[in-house]
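Asks: the following comprises the amino acid sequence and a computationally predicted model.
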Amino acid sequence: MGTKSYAQKPKLTRILFILDCSLSMNDELDGKRKMDVAKHLLVTMVDSLKNIPNVDQAIRAYGHRSPTSKQDCRDTRLEVGFEVDNTAKIINVIKKLQPKGTTPIAYSLGQAAYDFPDSKAQNIIILITDGGEECKGEPCKVSQELQNKNVILKPFIIGIGLTPEIIKTYDCVGRFYNTSTEQDLNEILRVVISQALDNTTAQLNLLNAKKSPAETDVAFQLSNSKSQETKYLMEHFLIAPQKPDTFKIDPTQKYDLTIYTLPQISKKGLSANASRHNIFTQDAMQGTISISMKTSGFSSPPPAVVRSHGIGNILNIQDLNTTEKYLNGTYDTEILTLPRVISTRQEVDEKSPLKMDIPYWGYMELNSQKDFSGAVFIEKDNRINWVINIDGHSGKETINLQPGSYTFIYHLNSSNETTETLQKNIKIQSGSISAFYIK
C-alpha cells in the first residue's frame, strides 16, 4: 500500500536567479567589490547544479542596462531562460554583468512570472540584492500574487549588508537571509539551494480510540491557508500496520487540512518544518453502519439518508446492503421506503457497529378502469398515518410498501361528491403482490 497523489510524482524544479546589478553593487564587502563576490559564488553554484536531475536554471538581472541617472524602473531582463544545457551560457552572462542602474525589485518579480514556462513544476526564485525597492513598487504584493496564482513558491531573498530598515521591507516578500561577509554569502547561498531542492516529508496519523495511527483508507486534502488553492489531494494508506505512508510537502506555506471522513474533519494553519519529517496527527475514530434488505429481485432497494443526530443536513446517502465508515458519534437514519423507516439516536463506534436489517417490501398493485385520486395510510399503534398521495389514471400501477396493514382511500374523478370516497383495507407482505381493482 502507498499514498496516492497527483503531487507525488518526481517533480521538476526550476530555479530562477535574479541578480541585483544596481550601482551600489560596486561597493565593497570584505575588501572586495560586492558584484565580484556575488558573481563568483553564483557561477560556482550554477556550475554545481548542472548535473542534478530534474533541476533547470535561468538568470534574470536588473539595473544592468541603464545608468542610475536615468532611473529606469523597467531595467530588468531575462538573460538566459530555462533552456536545455544552458549552464555555460548562464555562466558566461554572469561574468559579463556590471552594476549600472537602479533597483526595480517589484517590477522584476512581476516580469519573472513570465520566465517560467508553466506552473506545473516547482518554480523557485532566488533574489540576490544589496538594497531595497527604489521604484515605488510593492515587492510584497507582487510576491504574494505570484504565490497565490501558484506561479512560484515563496521566494528566497539573500541580502548583502542590508540595514535593519531595509530588512523589514523583505519580511513579507519571501524567506530572507542577510549577509555581512563573503563567507556568510557563500554559506547562505548553499543553505538556500539545499532548501530549494530539499524533500521535506510528512505523514498524517489518523488515530483510533487507542491513540494508534490505525485509521486509514480515506481521502484528504491540503490547501493553501490564504488562497484556499488545493496543493495536495491524496488517498490515505498504511504501508504497514499503524504506519502511515510518507509524502513530500512544500514547507514554504501554511495549509488547511480536510479529511473526508463522514462527517468531515477540518484543521487550519498547519505548518511543515523544512528539512525534516513532519507528523500531522488527528483523532479519527471510526465505526460502521451496515444497512441490509433482503431482496427478491423485483427491483433495487432504496437508499438510506444518514444525518448526524440533531443536525438536519444530509451527511450521506448510503445504498442498502452496504457497510460504510462513520466517525464515532450519534446518527439518525432514514430509509427511503414507503413509509419511511426512521431510526434516531443510534450510537456508532468501533466497538459497537450499527447493523440495521430492513424487511423487504411488498407490492400494492392498482388496476383501474377510470381516473381517480387517492391516498394510502398505514395502521400503527391504533393510529392511521399518511403514507403517500396517488393521482391515478386508468391502467395498472404498482407501489412498493413496507410490510404492514394499510388503508387505501380513493375518489373517482367522474364523481362530484366527497361522500363517495371509497375505502379498502390491504395487507402487504414482503415480496408479495396485493392486487386491487378499481371499477
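Replies: Done, it's in. These figures come from a predicted structure and were not determined experimentally.
Asks: when you work out contacts or count neighbours from here on, use the C-alpha atoms and nothing else.
Replies: OK.
Asks: surely residue 166 is within a helix?
Replies: Yes: counting by DSSP: H, G, I helix; E, B strand; the rest coil, residue 166 is part of a helix.
Asks: and whichever strand or helix holds residue 79, which residues are buried?
Replies: Secondary structure assignment for residue 79, by DSSP states H and E: strand 76-80. Using 16 or more other C-alpha atoms under 10 Å as the test for burial, strand 76-80 gives 76-78, 80.
Asks: which strands or helices does the helix or strand following it pack on?
Replies: For strand 76-80, the following helix or strand on the C-terminal side (DSSP H and E) is helix 87-96. Judged by 3 or more C-alpha pairs under 8 Å, 6 or more residues apart in numbering; DSSP states H and E, the packing partners of helix 87-96 are helix 34-49, strand 55-62, strand 76-80.
Asks: can I get the ones you listed in CSV including mean pLDDT?
Replies: As requested, these are exported to CSV (pLDDT from 0 to 100):
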stretch, mean pLDDT
helix 34-49, 91
strand 55-62, 96
strand 76-80, 97
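Asks: could you dump these to a markdown table with distance to residue 350?
Replies: Shown next, in a markdown table, are the helices and strands packed on helix 87-96 (distance: least, C-alpha to C-alpha, whole Å):
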| stretch | distance to residue 350 |
| --- | --- |
| helix 34-49 | 52 |
| strand 55-62 | 47 |
| strand 76-80 | 60 |
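Asks: burial of residue 260, as a residue count?
Replies: 14 (other C-alpha atoms under 10 Å).
Asks: of the buried residues of strand 76-80, closest to residue 333?
Replies: Of all the buried residues of strand 76-80, residue 333 sits closest to residue 78, with 62.5 Å by C-alpha to C-alpha.
Asks: ok, the nearest residue to that closest one once chain neighbours are set aside - contacts?
Replies: Closest residue to residue 78 apart from its sequence neighbours, by C-alpha to C-alpha, 6 or more residues apart in numbering: residue 60 at 4.2 Å. Residue 60 sits next to 16-19, 76-80, 112 when contact means C-alpha atoms under 8 Å, 6 or more residues apart in numbering.
Asks: of all these, which two lie farthest apart?
Replies: Once C-alpha to C-alpha is applied, these give 16 and 76 as the farthest pair, at 13.5 Å.
Asks: okay, and the beta partners of residue 128?
Replies: Following DSSP bridges, residue 128 is listed with bridge partners residue 19, residue 158.
Asks: and it, how far is that from residue 91?
Replies: Between residue 128 and residue 91 the distance is 16 Å, computed by C-alpha to C-alpha, to the nearest Å.
Asks: of those two, give the one with the bigger neighbour count.
Replies: Neighbours per residue, other C-alpha under 10 Å: of residue 128 and residue 91, the larger number sits with residue 128, 23 against 20.
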